[in-house]
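Enquirer: Sequence and predicted structure below; questions after.
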Amino acid sequence: MKSKPTPFKLFFCIVFIIILFLFSNHLFAKEPSQTLVLVGGALTTCASLSPKNCEKNTQISGKTHNVFALSHTKISQIKQQWPSKNSQAKNNTIKNLATMQAKSSPTLSKKELLWLWRDIDSKQLNSLSDQEYNFVIDMLEVAQIQSDNKRLKEQVNTALNSESAATEILQFISGSLKVNDTNPSILAITASRRDPYESADFYEGLLSFPNVNSQWLALTPALAKAITTNKCDDLTTLRHSEMGLYQREHIYPDRTQAEYQLCKKGTDALVELIKNSTGVMFNGGDQSLTRKVLFDENNQPYPWTKALQSRPVIVGTSAGTAVQSGGQAHAGNVVMITNGTSLSALKEGAQAIDAPSERSNSDSLTYNRFGGLGTFSYGVLDTHFSERNRTLRLGTLLDDLSANQDQPTFGFGVDETTALVVIKSEAGNLMTVIGKNGVVMVKSTGQAQAKTKTYSYSYWPVGSVIDIKNNDFTLSQRSISQALPAIKIPPLPVQRFGSILTQAKLRSLTQAMCLSQEQTAVGQQDEFIISLSTTPESAYHRISAAQYGCAVSNLEIAVSTF
């Protein structure tokens, strides 16, 4: 009887295989190898702002929340510097802030501030535009200074992580950096957030690996604009116009000063700094914001973009993973997904964003036809995948793209606290999955009809190794040969599974089919019937005994209406 591998042992087996693969390629490859660590989001990390992610909810020292205060001075500044021409919104806001001040304690958390505002005038708060709302919140924030006159920072302690899978992903990142360089370094880019300065402390702490030099790179949309137009002294104004961000020089003076110093050194110094780094990490948030530090308004790459593309190790999480899509695939240009839900995608289809860095605030499925950084050219990357039930949003996008013959047919969805690792080298490329859950591959079958759309669905659990051959992706024979024996469980009940596109129900159903060796199942969401069935190309393999440890290959998903 085979012994059951623990996730910890399984992780280090994978690490050994990949490090061996990397090392052999260093000996023979003409070009440097590259490792992509593409995390699906929710890289659960113990930090002073997130004690729930620490063992036993341990509260570590450091910044625990942002602080806000209402005062005559602040309210006057808001009135004088109001960012829009909507005078009614301004007057109503000033009136409500004055009322709130009379009822307010000296300092407030953001939650307390918003609850106070809702109690005064919830309708008025909700009527503000994003620009107006962000302006008010930014202006009311106050700096947190310690007794030594230094800024209070968010602290990270990965040794206290309550989620071991997150720690394993971080260990893999650290190991990859050290394999690629005897004196490794990694730069953290936090441009996916509207306020990249706020995220800098966390990512510097997250990447503080032993014997690795890690630092925040002040590559913000404001910096990109300033450094390429010789307007470093206008950074404060550019934060307003390019980022919709205010008063950061008062809240994070050390970060904005680092941004200014980087700007003054010029483009060549920035490019050289990136070229001298072993790796770079892109944070989560909004991939359209990250794209603003990679390409200008004319969709031309910035002088440093090529240097970022060529780092030996590239890490992304959530938006930082999605932005890696792009470049040229075997079937044409690879786009970058930007928004939407599976249900809205089925009802409305996909919509291309024409402006290079345009964003969408609706639930509609949108994509940037220009693509992202382009380190991942196999297909479209998506994140928070099974947890937010995004299979049919990705499938719908692939369907819409397949109408144009020069578009890719593959989509890759990475689950939370999970990483799709891609090893690229002259000796050959492969993929593997590390972390907690799994990776979905969706393939457009090109069989869409008037009332039915059909997709091929594969699920690769943690521990899977994926072969890349002939523009296709298959579970490796190594993974198949090491699979656990099938287990006997009762067959699925003969019923239509409701609300199948909510929560992570589609993943649960496909896993149940895999474990029970079921040939068919049917789900429903609103007017849509989702039929799942095996084909001659389908296969099930139990990679591990984990909750989502069953590998599904080429399951057919057909979507129809009734």
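Expert: Happy to help now that I have it. From a predicted model like this one, the values you see are computed outputs, not experimental measurements. Numbers count the residues shown, from 1 in each chain.

Enquirer: Find out how far stretch 461-469 is from the centre of the chain, if you would.
Expert: 21 Å (CA atoms, centre = their mean, to the nearest Å).

Enquirer: which secondary structure elements does the helix or strand containing Lys178 contact?
Expert: Using DSSP states H and E, Lys178 sits within helix 164-180. If contacts are counted by 3 or more CB pairs under 8 Å, 6 or more residues apart in numbering; DSSP states H and E, helix 164-180 sits against helix 7-28, strand 34-39, strand 185-189, strand 279-282, strand 313-317, strand 418-424, strand 430-435. Placement of C-beta: from N, CA and C, glycine included.

Enquirer: Starting from the fourth one, tell me which strands it pairs with and how they run.
Expert: Strands flanking strand 279-282 in the sheet, each with its direction: strand 185-189 (parallel), strand 313-317 (parallel) (DSSP bridges).

Enquirer: Ok, the last one next?
Expert: Here the strand partners of strand 430-435, with direction, are listed using DSSP bridges: strand 418-424 (antiparallel), strand 465-469 (antiparallel).

Enquirer: buried sites along the last one?
Expert: Put plainly, it is strand 465-469. 465-468 (16 or more other CB atoms under 10 Å).

Enquirer: Export the residues you listed as a markdown table, with columns for distance to Glu348 and pLDDT.
Expert: Below are the buried residues of strand 465-469 laid out as a markdown table (distance: CB to CB, whole Å; pLDDT from 0 to 100):
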| residue | distance to Glu348 | pLDDT |
| --- | --- | --- |
| Val465 | 37 | 98 |
| Ile466 | 32 | 98 |
| Asp467 | 36 | 96 |
| Ile468 | 33 | 95 |
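
Enquirer: any chance of those residues in CSV, with distance to Phe209 too?
Expert: Shown next, in CSV, are the buried residues of strand 465-469 (distance: CB to CB, whole Å):
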residue, distance to Phe209
Val465, 25
Ile466, 26
Asp467, 30
Ile468, 29
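
Enquirer: Widest-spaced pair of the residues you listed?
Expert: Val465 and Ile468 (10.6 Å; CB to CB).

Enquirer: where do the contact lists of those two overlap?
Expert: 430-431 (CB atoms under 8 Å, 6 or more residues apart in numbering).

Enquirer: Low-confidence bits of this protein, can you list those?
Expert: 1-32, 330-331, 355-361, 404-408, 447-450 (pLDDT under 70).

Enquirer: Could you rerun that using 90?
Expert: 1-33, 327-333, 353-363, 400-409, 426-428, 444-451, 470-471, 488, 562 (pLDDT under 90).

Enquirer: that older thread, which one of the buried residues of strand 465-469 is nearest Ile353?
Expert: The closest of the buried residues of strand 465-469, once distances to Ile353 are taken by CB to CB, is Ile468, at 29.1 Å.

Enquirer: what residues are up against that closest one?
Expert: Counting by CB under 8 Å, 6+ apart, the residues that Ile468 touches are 378, 428-431.

Enquirer: filter those residues to the buried ones?
Expert: 378, 429-431.

Enquirer: With distance to Leu116 as new columns, can those residues be given to me in JSON lines?
Expert: Output for the buried ones among the contacts of Ile468, formatted as JSON lines (distance: CB to CB, whole Å):
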{"residue": "Tyr378", "distance to Leu116": "49"}
{"residue": "Asn429", "distance to Leu116": "55"}
{"residue": "Leu430", "distance to Leu116": "54"}
{"residue": "Met431", "distance to Leu116": "50"}
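
Enquirer: tell me the two of those that are most distant?
Expert: Across the buried ones among the contacts of Ile468 (CB to CB), the longest gap, 11.7 Å, separates Tyr378 and Leu430.

Enquirer: got the buried residues for the helix holding Lys178?
Expert: Neighbour count says helix 164-180 has 165-180 buried, by 16+ other CB under 10 Å.

Enquirer: Taking the centroid of the chain, which residue is nearest it?
Expert: Centroid check for the chain by CA atoms, centre = their mean gives Ser318 as the closest residue, at 0.8 Å.

Enquirer: ok, now how distant is the residue nearest to it when sequence neighbours are not counted from Ser531?
Expert: Leaving aside its chain neighbours, Ser318 sits nearest to Gly284 (3.1 Å; criterion: CB to CB, 6 or more residues apart in numbering). Gly284 sits 34 Å away from Ser531, going by CB to CB, to the nearest Å.

Enquirer: what about these two, which has more around it?
Expert: Gly284 (24 against 17; other CB atoms under 10 Å).

Enquirer: host element of the more buried one?
Expert: Counting by DSSP H and E, Gly284 is found in no helix or strand.

Enquirer: hang on, it packs against Gly41?
Expert: Yes - counting by CB atoms under 8 Å, Gly41 is a contact partner of Gly284 at 5.7 Å.

Enquirer: intersection of neighbour lists for the two?
Expert: The contact lists of Gly284 and Gly41 share 317-318, where a contact means CB under 8 Å, 6+ apart.
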